[in-house]
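> here are the coordinates; sequence isn't available:
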């Protein structure tokens, strides 16, 4: 080749390089993710813009994160390096998807995602020049059990053109589609309200008029607004929908924000929402048609769990004293099947009505911002003191000190003979008041769901709970074969009646012990005095009954008995009770413990120690049984010492907003709840509500194991 030909070829090659329309960026390859910088158009004009997108392509089974990653994770960040006068806008985030991971939920993208950004060129950019656009991208890529932080330095060179630049033939359509599909406001009106631990978001507008709403979900920009792992219930209106969500514990303790922003996904579309605090827009629903699917499946499951929990509640220790009332009431009916069935139906009505009254009061109080949960009635000293009097009076009746009417039965069942179904109604109500503070297996998730839903849905779950609780006694009453197996009424009932008085005496003693935790020893003076007055009233009432049976006058004695009883009840109901001074219901156990607080828990977890948290209360009999039989076991104490773990007690005997928030964060509204945080971090495991030392020891042994990388440090 001649020298002239070589020089000509060199000029051609140089012209090809310098005048090429663009320089494609080399992709950044890191473990499980390939990062690349692409553009929508093949150049940029002065005083206009070009859409540049970071493309993250994750391996199958791996994902990256949205701007709000949810409960865990880290949002992708982009730092732009541009010539003077050039400006970069915000990332145009595609709508995310939910990424559940056990008890937590994250938001992000699986597979490939394009993150577009508008780069604005200055007016003095000169056509014919080339501009270098560089981006430093930091991201987190995760699989089921592993997360890897990554970064990539990306660069692309574009020509500056004088006219409209052409669409990039390879990436242009994909970038254009990503921008077009990004969530937009679409003229929707939105408002939100926060009531206690519930957040209700109402959205209305033409794009939602024909929505089915079965897949509606709101992704907030603020990661502290809602509990991401909780379900969102949907109610449809004529022109929109209303979502009910569970507030995060941190947001529930702060003032409600003036605005809430985020992305609403519904029917395969995504809309950007900017909601102001206030009443819902017209047509947003709340009383409209229920969404297809969504809540229905969860409601059916909650009903099944509540019914099963109600049945099991009959076996919980806190219900044992009430079983005596049921047993005597049933045996007293003998062969009178219609009477047994009428009283069974009255018992069901008393149970269901009492559950609805308690649930209604709880829902109303929580909607008003009160930090209370299931069993709240036994957090009131006056309620506990009145229950002491009721149990003591019932026990005196069973002991034969006085009779109700002509029956020789317990308080509830005595009323059954005196006023037919009224007594069974009373027995059902009393059983619920005393038994409700216990949380049987299956009850916890069902109640947690019920109290995060609209009132009608929540009350439906409580009806199922009441029907489950009443089912065994009702089934027995409606089964002739089972009734025939019961012994006929006779003298044996007198012995049985007096024997079964002692569980009620024990119940009264237990309630006094609960009262001591609520008020301290100084709060017991009035109730103990009232017990003496109730005993005196019962004795005088018994004298009046015997005098009347002998043909004498009894009005004066009845008046004295009524006056003394009113004095006793008034002494309890009108008193003010000091707060209790005892902070823990388990100080007598062998486990070294500390009071629960979020700060204590965070500090212990930061040390890499297993942490066992016991949510308990003095009025929860199941809690006390576990503490006497399990947490007092030397084997549990040794396992805790060997694991290097810590033991925190969340004593909910009295109302405590911090503990109520912590329970709500786990989807629970009552005790007992036992959480064990492992040494390796992560979400806690929930131990069974009925514990044995072996269960706790095994859990502590597993919780003390650290991941290899953490153990090496």
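On my side now, so go ahead. Predicted model, so just to flag it, every value in this text is computed and none were measured. Numbers count the residues shown, from 1 in each chain.
> so what does the helix or strand containing residue 135 touch, helix or strand wise?
With secondary structure defined by DSSP states H and E, residue 135 is part of strand 130-142. In this structure, strand 130-142 packs against strand 33-39, strand 49-58, strand 63-70, strand 77-81, strand 147-159, with contacts taken as 3 or more C-beta pairs under 8 Å, 6 or more residues apart in numbering; DSSP states H and E. Every C-beta, even on glycine, is put in place using the N, C-alpha and C of the backbone.
> how much does that strand deviate in direction from strand 147-159?
170 degrees (axes from the mean of the first three to the mean of the last three C-alpha atoms, to 10 degrees).
> so what's residue 354 up against?
Applying C-beta atoms under 8 Å, 6 or more residues apart in numbering to residue 354 gives the contacts 428, 429, 432, 433, 436, 466.
> What are the buried residues along the host helix or strand of it?
Per DSSP H and E: residue 354 is located in helix 337-367. For helix 337-367, burial by neighbour count (16 or more other C-beta atoms under 10 Å) applies to 339-340, 342-356, 358-359, 362-363, 366.
> roughly how far out does it sit from the chain middle?
Its chain's average C-alpha position is 25 Å from that of helix 337-367, according to C-alpha atoms, centre = their mean, to the nearest Å.
> phi, psi of residue 594?
phi -140, psi 150 (degrees, to the nearest 10).
> Low-confidence stretches in the stretch 1-150 of the chain?
Residues of the stretch 1-150 of the chain that meet the criterion pLDDT under 70 lie in 1-28.
> returning to what we had before: what pLDDT, on average, does the helix holding residue 354 get?
Helix 337-367 shows a mean pLDDT of 78.
> returning to that earlier point: chain center to the strand holding residue 135: distance?
In terms of C-alpha atoms, centre = their mean, the centre of strand 130-142 is found 39 Å from the chain centre.
> and what of stretch 603-621?
Relative to its parent chain, stretch 603-621 has a centroid offset of 18 Å by C-alpha atoms, centre = their mean.
> If you count neighbours, what's buried in that stretch?
604-605, 609-621.
> ok, these vs residue 309, which is closest?
Taking C-beta to C-beta as the measure, residue 309 lies nearest residue 620 of these, at 14.8 Å.
> Of the helices and strands packed on strand 130-142, which is nearest residue 541?
Closest among the helices and strands packed on strand 130-142, once you apply C-beta to C-beta, is strand 63-70, at 63.8 Å.
> chain center to the helix or strand just after the helix holding residue 354, what's the gap?
Counting by DSSP H and E, the element after helix 337-367 in chain order, helix or strand, is helix 381-398. Offset of helix 381-398 from its chain centre (C-alpha atoms, centre = their mean): 33 Å.
> likewise stretch 45-59?
41 Å.
> now do stretch 259-268
22 Å.
> go on, stretch 598-615?
20 Å.
> And residue 227, its phi and psi?
phi -80, psi 110.
> Now for the residue nearest to it when sequence neighbours are not counted, how many residues are close by?
Spatial nearest neighbour of residue 227, chain neighbours left out: residue 246 (4.3 Å); criterion: C-beta to C-beta, 6 or more residues apart in numbering. Using other C-beta atoms under 10 Å, the number of residues around residue 246 comes to 25.
> I believe residue 246 is in a strand; please confirm or correct that.
Yes: assessed with DSSP: H, G, I helix; E, B strand; the rest coil, residue 246 lies in a strand.
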